[in-house]
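1. Just need the structure, nothing else, for what follows:
(4 chains)
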Number of protein chains: 2
Amino acid sequence: MKQKITIKTIAKELGVSTSTVSKALKDSHEISTETKQKIQAYADLYNYKPNSLALQLRNQKTKVIGVILPKIVHHFFSTVIMGIEEGANKKGYNIMVCFSNESYKKEVETLKVLSNGSVDGLIVSIASQTLENKDFNHFKGLVAEEIPLVLFDRVVDEILCDKVVVDDVGAGYKATQHLLDNHRTKIALITTPNHVNVGALRRQGYEKALIESYIKTNKKLIVEIDENEDIKPQIEKVFEQDIDAVFAVNEIYAANAMRIAKEKGLEVPKDISIIGFTDGLISEYSSPSITTIAQHGFTMGKQAVDLLIERIENESELFKPKKIVISSDLKLRESTKPSS
Amino acid sequence: MKQKITIKTIAKELGVSTSTVSKALKDSHEISTETKQKIQAYADLYNYKPNSLALQLRNQKTKVIGVILPKIVHHFFSTVIMGIEEGANKKGYNIMVCFSNESYKKEVETLKVLSNGSVDGLIVSIASQTLENKDFNHFKGLVAEEIPLVLFDRVVDEILCDKVVVDDVGAGYKATQHLLDNHRTKIALITTPNHVNVGALRRQGYEKALIESYIKTNKKLIVEIDENEDIKPQIEKVFEQDIDAVFAVNEIYAANAMRIAKEKGLEVPKDISIIGFTDGLISEYSSPSITTIAQHGFTMGKQAVDLLIERIENESELFKPKKIVISSDLKLRESTKPSS
DNA sequence: TATCAACACGAAACCGTTTTCGTTACTTAA
DNA sequence: TTAAGTAACGAAAACGGTTTCGTGTTGATA
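-> Residues are numbered from 1 along each chain as shown, chains lettered A, B, ... in the order given. So this is what the prediction gives:
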């Protein structure tokens, strides 16, 4: 990179002190109009831009927000990023995005790197492996250092910080109830392993809805997908049971289920109803299109970043963690059209 | 944020100088074993982490790479980010991600902010609006300042820098040829406005393939989608023509085309073949699944970041812009299965 | 005993900027 | 004539590190 022009260069070149240059560029009244014009002209000519590192060091703030996601090739996380970026940008912040790739180790490392002063605060969705081994010390460290932290979607109670989540139980309930309303009673649930808590919560909603309809939950109708294995055969297994509906906790699972149903000669939604989660492009463009629970990722990102910036800029306030619950909507599409 | 522990605090607390502390923490031979142990123990106890801003200022490098994308809710860009992040991470860099949202103004601003010393280099895919109004001065400014820059996917010749692109002409040719091989001759092209050069290039490939088969291109079969309008009606118009195949330059257009085909009672691939671009989840999960040109976004991101880091770390070399062309593959699926 | 190297540490400069607090020189009012 | 005020600028500290170059104290050697 070319040697950048600094205040020092300008000062030396114009035979004044750096303080004068600094003040002149800020249009301070302390400096004579004449001198100001001379300095500003010179700065313009050589395209002077203040070094942001120096400013960050001096001001003890970076105007950067760190974002750590488990993965990105997932419509939901993409929309969350959009929301975060837009909200951050509006308040003059930039975002630094990292991925844990669902790995505990990488999450710990990334957290360490970002908490070295390079960001003013962090927005994180916890890696699946971390949720599994339940070791949250790296997060607790952050909290102890009082680095502003907002968790979203995948959160845990052990970490005392602000949180933004969707009403997973309610959403699971809503989805299941919708199937029940369509007179489906043999509803399969395709979910994540139980340690991924959003999956567990949606399952609670599913069970609650069934109980209220006096249907006892049948464990054989529930599959917990192991993402390290091939997904399709795992879902296929549940089709060996007698089912008339599928509730999947994300759209990939839902799309797979639909594909399998078709392969088995089942017609959607006549023979079997399918409902997914995360209102992404797959659900929208598959045929038949898939009814889903819309998670409002954009809103979630926006809320998370607003909360974080609030926390960053009002440090003085006493700390009382907030939890924002975003309600989710049922987005009706073809895959659950009543047969009547 | 809590007051962080610094080298100064340690020095004062232990009654030594900051230089001693700094050296001790780096295990310098200049410091006695005794003192080193004392200092290291103290640092560990209070969880000392060197302030990265201070280091960045002193070393004149940030180990951060800026990434500016037109948008993210697009499978292709998501995979590119993954590639960039992985490559960057491997070499100890972090990435700062921003979005231009296809807007010229936001692109200019973002570029300005990031080139203030907060990043060591930039990876950018140009905003559609910028391509349209052909004003590249903000990029030329970067090049003049010798800030390492790599453009990918959407690139232009006017900017003298490293580039990573897919072989768009070849890909367009390949796709069209595939349709021709399946005895389709009335091939519609659904593309972007011509200023988005990747669209223009793919169109060249399309036209080349047709010419080689002695088929004259019919302008009525080509639609340039205006993304500010509703997409579906625009695509519907081409179905008023007599067509037996559709080549779409991205998967959203392809999915829309398939949906329309079905609504018109056309069977895919019996009555009409459809081929898309960008091997995303929509293509994979729609039914029938859609044949696409795989763009290898991950590879692209990786190559881009490798190129950039190479440039950052070997400044001395004389500058000769490189252009890496990534070959694309045809991914055969159901939407173009030969009817025979 | 004088000389010299090795050892262990500190002072100070530096990265680029801001800001407080002088310090001049000049003007104005008492 | 003198005290006070003001305009215009500079010196220096500060942010948190690293690094070069002393410097004082040992111990060994000639």
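2. and the stretch 201-340 of chain A, which residues reach chain B?
-> Neighbours of chain B within the stretch 201-340 of chain A, by CB under 8 Å from any CB of the partner chain: A:252, A:255-256, A:258-259, A:262, A:280-282, A:285-287, A:315. From N, CA and C alone the C-beta is placed, and that goes for glycine too.
3. Quick one, which of those residues are buried?
-> Using 16 or more other CB atoms under 10 Å in any protein chain shown as the burial test, these include A:Ile252, A:Ala255, A:Asn256, A:Met258, A:Arg259, A:Gly280, A:Leu281, A:Ile282, A:Tyr285, A:Ser286, A:Ser287 as buried.
4. what's the offset of whatever helix or strand A:Glu236 lives in from the middle of its chain?
-> Following DSSP states H and E, one finds A:Glu236 within helix A:231-238. Relative to the centre of its chain, helix A:231-238 is centred 28 Å away, using CA atoms, centre = their mean, to the nearest Å.
5. Equivalent analysis for stretch A:258-267, please.
-> Distance of stretch A:258-267 from its chain centroid, counting by CA atoms, centre = their mean, is 32 Å.
6. ok, now stretch A:48-64?
-> 27 Å.
7. Now do the end-to-end distance for that stretch.
-> Stretch A:48-64 has its terminal residues 22 Å apart, counting by CA to CA, to the nearest Å.
8. And the contacts of that stretch?
-> For stretch A:48-64, the surrounding residues in contact (CB atoms under 8 Å, 6 or more residues apart in numbering or on different chains) are A:4-7, A:10, A:25, A:42, A:92-96, A:117-120, A:312, B:51, B:53-54, B:56-57, B:62, B:96, B:112-113, B:115-118.
9. Which PyMOL command selects the buried ones in those residues?
-> Burial among the contacts of stretch A:48-64 is assessed by 16+ other CB under 10 Å; the matching PyMOL selection reads:
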select buried, (chain A and resi 4+5+6+7+10+25+42+93+94+95+96+117+118+119+120+312) or (chain B and resi 51+53+54+56+57+62+96+113+115+117+118)
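10. show me which of the contacts of stretch A:48-64 neighbour DNA strand C.
-> Among the contacts of stretch A:48-64, proximity to DNA strand C is found for A:Lys4, A:Thr6, A:Ile7, A:Leu25, B:Ala54, B:Leu57 (CB under 7 Å from any atom of the strand).
11. Now render these as TSV, adding distance to B:Ala127 and secondary structure.
-> TSV is the format used below for those (distance: CB to CB, whole Å; DSSP: H, G, I helix; E, B strand; the rest coil):
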residue	distance to B:Ala127	secondary structure
A:Lys4	26	coil
A:Thr6	31	coil
A:Ile7	33	helix
A:Leu25	30	helix
B:Ala54	35	helix
B:Leu57	31	helix
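12. Farthest-apart pair in those, please.
-> A:Leu25 and B:Ala54 (23.7 Å; CB to CB).
13. can you map out the strands along chain A?
-> Using DSSP state E, the strands of chain A run over A:64-69, A:94-99, A:121-124, A:149-152, A:162-166, A:187-191, A:222-224, A:245-248, A:273-277, A:291-294, A:323-326, A:329-331.
14. quick one, the fifth one and strand A:273-277 angle?
-> It refers to strand A:162-166. Angle of strand A:162-166 versus strand A:273-277, following axes from the mean of the first three to the mean of the last three CA atoms, to 10 degrees, is 160 degrees.
15. Pull the residues that contact strand A:162-166.
-> In contact with strand A:162-166 (CB under 8 Å, 6+ apart) are residues A:149-153, A:155, A:198, A:295-296, A:300, A:303-304, A:307-308, A:311, A:321-328.
16. what residues does the helix or strand bottoming out on mean pLDDT in chain A touch?
-> Using mean pLDDT, DSSP states H and E, helix A:281-285 stands out as the lowest-scoring helix or strand of chain A, at a mean of 91. For helix A:281-285, the surrounding residues in contact (CB under 8 Å, 6+ apart) are A:75, A:251-252, A:254-255, A:276, A:289-292, A:331, A:333, B:252, B:255-256, B:259, B:280-282, B:285-286.
17. Tell me the spatial nearest neighbour of the residue in the stretch 201-340 of chain A that DNA strand D sits nearest to, not counting adjacent residues.
-> The minimum distance from the stretch 201-340 of chain A to DNA strand D, using CB to the nearest atom of the strand, falls at A:Glu315 (15.0 Å). Residue nearest to A:Glu315 in three dimensions, not counting chain neighbours: B:Met1, with 6.9 Å by CB to CB, 6 or more residues apart in numbering or on different chains.
18. Also A:Pro148?
-> Of all residues not flanking A:Pro148 in the chain, A:Gly121 sits nearest, at 3.5 Å (CB to CB, 6+ apart).
19. now swap in A:Arg154 and tell me
-> A:Ile126 (4.4 Å).
20. So which bits of chain A are right by DNA strand D?
-> For chain A, the residues in contact with DNA strand D (CB under 7 Å from any atom of the strand) are A:15-20, A:29-32, A:34-35, A:54, A:57-58, A:60.
21. ok, A:Val108 - contacts?
-> Counting by CB under 8 Å, 6+ apart, A:Val108 touches A:His138.
22. Test for you: state the pLDDT assigned to it.
-> Here, the pLDDT recorded for A:Val108 equals 97.
23. and if you look at A:Lys322?
-> Per-residue pLDDT puts A:Lys322 at 95.
24. how about it, what does it touch?
-> By CB under 8 Å, 6+ apart, the contact set of A:Lys322 is A:Asp162, A:Lys163, A:Leu307.
25. where in chain A is pLDDT low?
-> Within chain A, the ranges that satisfy pLDDT under 70 run A:339-340.
26. same thing but 50
-> Across chain A, not a single residue meets the criterion (pLDDT under 50).
27. how does it divide up, domain by domain?
-> Using automatic domain parsing, the domain parsing of chain A gives A:7-50, A:62-166+A:297-326, A:168-295+A:330-336.
28. could I get these as a markdown table with distance to B:Tyr46?
-> Output for the domains of chain A, formatted as a markdown table (distance: least, CB to CB, whole Å):
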| stretch | distance to B:Tyr46 |
| --- | --- |
| domain A:7-50 | 33 |
| domain A:62-166+A:297-326 | 11 |
| domain A:168-295+A:330-336 | 33 |
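29. in chain A, which spans are helices?
-> Ranges of helices in chain A, per DSSP state H, are A:7-14, A:18-25, A:33-45, A:52-59, A:75-90, A:104-114, A:128-133, A:137-144, A:168-181, A:197-212, A:231-238, A:251-263, A:281-285, A:297-313.
30. Distance check, A:Lys262 against A:Ile272.
-> Distance of A:Lys262 to A:Ile272, computed by CB to CB, to the nearest Å: 10 Å.
31. where do the contact lists of those two overlap?
-> Common neighbours of A:Lys262 and A:Ile272 (criterion: CB under 8 Å, 6+ apart): none identified.
32. Send over stretch A:229-249 as CSV, restricted to the C-alpha atoms.
-> In CSV, the C-alpha atoms belonging to stretch A:229-249 read as follows (Å, rounded to 0.1, in the frame of the first residue of the first chain):
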residue,chain,number,x,y,z
GLU,A,229,-25.1,-38.3,8.4
ASP,A,230,-27.0,-38.3,5.1
ILE,A,231,-30.3,-36.6,5.8
LYS,A,232,-32.6,-38.4,3.4
PRO,A,233,-32.4,-42.0,4.6
GLN,A,234,-33.1,-40.7,8.1
ILE,A,235,-36.3,-39.0,7.0
GLU,A,236,-37.3,-42.0,4.9
LYS,A,237,-37.5,-44.1,8.0
VAL,A,238,-40.4,-42.2,9.4
PHE,A,239,-42.4,-42.8,6.2
GLU,A,240,-42.4,-46.5,7.1
GLN,A,241,-44.9,-45.5,9.8
ASP,A,242,-48.5,-44.7,9.1
ILE,A,243,-48.5,-40.9,8.8
ASP,A,244,-50.7,-38.3,7.2
ALA,A,245,-48.7,-35.2,7.9
VAL,A,246,-45.1,-34.0,8.5
PHE,A,247,-43.9,-31.1,10.6
ALA,A,248,-40.3,-30.3,9.9
VAL,A,249,-38.3,-27.8,11.9
